[in-house]
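# give the three-dimensional model of this entry:
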Amino acid sequence: MRRLIALAAMGVALPLVAVFGLGASGGGKGYEVRAVFDNVAAAVPGEDVKVAGAKVGVIQSMDVTPDKRAAVTLRIDDARFTPFRSDAHCTVRPQSLIGEKFVECTPGTRAGAPLRRFDSGTGKDQHLLPVAQSSSPVDLDLVNDTLRLPFRQRLSILLDEFGTGLAGRGKDLNEVIHRANPALRQTDRALGILAHQNRVLARLAVDSDTVLAPLAREKRRVSDFIVQSNRTAEATAERRGDIRASIRRLPGFLRQLRPLMVDLGELANQGTPVVRDLGDAAPDISRLIRDLGPFSRAAEPAVRSLGRATVTGRPALVRSRPLVQDLGRFASDFRPASKNLDDLTASLDRSGGIERIMDYLFFQTTAVNGFDSVGHYLRAALIANLCTNYAIDPVAGCPANFAGGGSSSSATADRGQAQLASRTRKAASQGSGPAASAFLKTLLGGEDQAAARLRRQNLAAVRRRAAGTSPALNGVGGSQQQLLDYLLGAGR
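Now for the predicted structure:
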């Protein structure tokens, strides 16, 4: 009965599950895998071992296990595909049309643990891949043979007997079918996953209907979006060189952008209080803007009146243009004097000169308020000595404001003192009245004749100009110049 079952399984082209054994050999032989298959017909040592279509090793040897399965030793020469993991899988595939075979493997993922290694016995230093992780698909020519006589009749007999023999053994048959065809096994696994996710799938169906309903209503816009996306993709493809260059320069740009973003972050941190204050003041600002509306409307008559006033005041502004020009020239000429005046007032402010002038006025007033039976009299006291006259050279007896000098300075001081004493004696010998005036003039210094003459000439010129009319009121060149045009950029 067992032979009948085995023959029936081969007849319907149901592949049996293979067991792999991977063994790692030492001494530079490469990474060895001991793979156990149910059937490896037409596979011989020396055939290729491939991963994703690339050759990574060869079939090193073949053997039969005690349970009558094929044990194939695979030598993996490319270390980049080692070690094989616990989720690895290998299958036997046709190499060419003449029936040669090769082994195609999937080394597995990093999530799986490395395959178990044999430490002794048959397959020592090799790594085992279980039968559940291998497969041997039936060739197409064997499937086609079942359609020819007498194989077709024999297959009918086998299926009939197979049905009788498997009565009550559905579970065993299901296991054989899943082991024989990896696709069915993966399909069953996928169906199990879908069964566990049935609620998610149901919610997906409901949510997808909710999402697709608006899209169905806007299908024209969706189709237009697809068309525009196609055009955008075409335009992007035409500029792929520029885009590639931009992407190549992007790292440098990001490196330069990083300090700027740091500064912007600091600016944002510092500006947060300002923005918060602006947020707090926003209602007041909004109210101010709203209140500006009535204010602007109320100011419209004043602005119109100002316009009418400019029409009236335009002739006066035009006639004042010569005066303004003269004032401009006067201001330009007066600039040095104003600078000196500014320095003088600043000096008076620093030295307290204004206070001293006020003190003089106060003391002068108190000095002349004397009154007796004759009338008002001046309270005055004259101090006359060798130190009252201004001198630029040291004077003997008055060294308080000068540093000590040599013999030349002493001689000069003696001469100045002698001249002062002579003038004093001469003034005293002439008596009072004119003599007293001469004496005061001698002490205070006489007026220079050239300076007095220049002063009188200047006063005469000022009086003469004040008696006439201002030239600013006369026409320039015989015609009035319009000041408003000048201010507005026209006229010249």
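# when you work out contacts or count neighbours from here on, use the C-alpha atoms and nothing else.
Fine.
# could you list every helix and strand in contact with whichever strand or helix holds residue 244?
In this assignment (DSSP states H and E), residue 244 forms part of helix 240-319. Packed against helix 240-319 by the contact rule (3 or more CA pairs under 8 Å, 6 or more residues apart in numbering; DSSP states H and E) you find helix 483-487.
# what's the model's confidence in the helix it packs on, averaged?
Mean pLDDT, helix 483-487: 41.
# swap in stretch 142-150?
Mean pLDDT, stretch 142-150: 79.
# got it, and stretch 43-57?
For stretch 43-57, mean pLDDT is 89.
# residue 111: which element?
Using DSSP H and E, no helix or strand contains residue 111.
# same deal with residue 333?
With DSSP H and E as criterion, residue 333 is part of helix 321-351.
# show me what counts as buried in that helix.
Buried residues in helix 321-351, counted by 16 or more other CA atoms under 10 Å: 321-323.
# could you check the angle helix 240-319 makes with it?
If you take axes from the mean of the first three to the mean of the last three CA atoms, to 10 degrees, helix 321-351 sits at 100 degrees to helix 240-319.
# which SSE is immediately downstream of helix 321-351?
Using DSSP H and E, the helix or strand that follows helix 321-351 in sequence is helix 353-367.
# if I've got this straight, residue 63 is in a strand?
Yes: per DSSP: H, G, I helix; E, B strand; the rest coil, residue 63 lies within a strand segment.
# can you classify the nearest residue to residue 92 once chain neighbours are set aside by secondary structure?
Distance criterion CA to CA, 6 or more residues apart in numbering; nearest residue to residue 92, sequence neighbours excluded, is residue 103 at 4.7 Å. Going by three-state DSSP, the secondary structure assigned to residue 103 is strand.
# low-scoring stretches of the stretch 301-450 of the chain, by residue?
For the stretch 301-450 of the chain, the stretches with pLDDT under 70 are 371, 375-448.
# 80 - rerun?
Applying pLDDT under 80 to the stretch 301-450 of the chain picks out residues 364-450.
# and the stretch 151-300 of the chain, by the same measure?
For the stretch 151-300 of the chain, the stretches with pLDDT under 80 are 159, 161-189, 209.
# quick one: neighbours of residue 61, just the number.
15 (other CA atoms under 10 Å).
# that one: what's it in contact with?
44-45, 72-74 (CA atoms under 8 Å, 6 or more residues apart in numbering).
# got the domain boundaries for this structure?
Per automatic domain parsing, the structural domains of the chain span 17-135, 200-238, 353-444.
# for residue 250, give me its contacts.
Residue 250 touches nothing, counting by CA under 8 Å, 6+ apart.
# for residue 256, see how far away it is.
10 Å (CA to CA, to the nearest Å).
# what of residue 242?
From residue 242 over to residue 256 the distance is 20 Å, taken as CA to CA.
# list the contacts of residue 86.
Applying CA under 8 Å, 6+ apart, the residues near residue 86 are 108, 112-115, 129.
# of those residues, grab the buried ones for PyMOL.
To isolate the buried ones among those in PyMOL, judged by 16+ other CA under 10 Å, type:
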select buried, resi 108+114+115+129
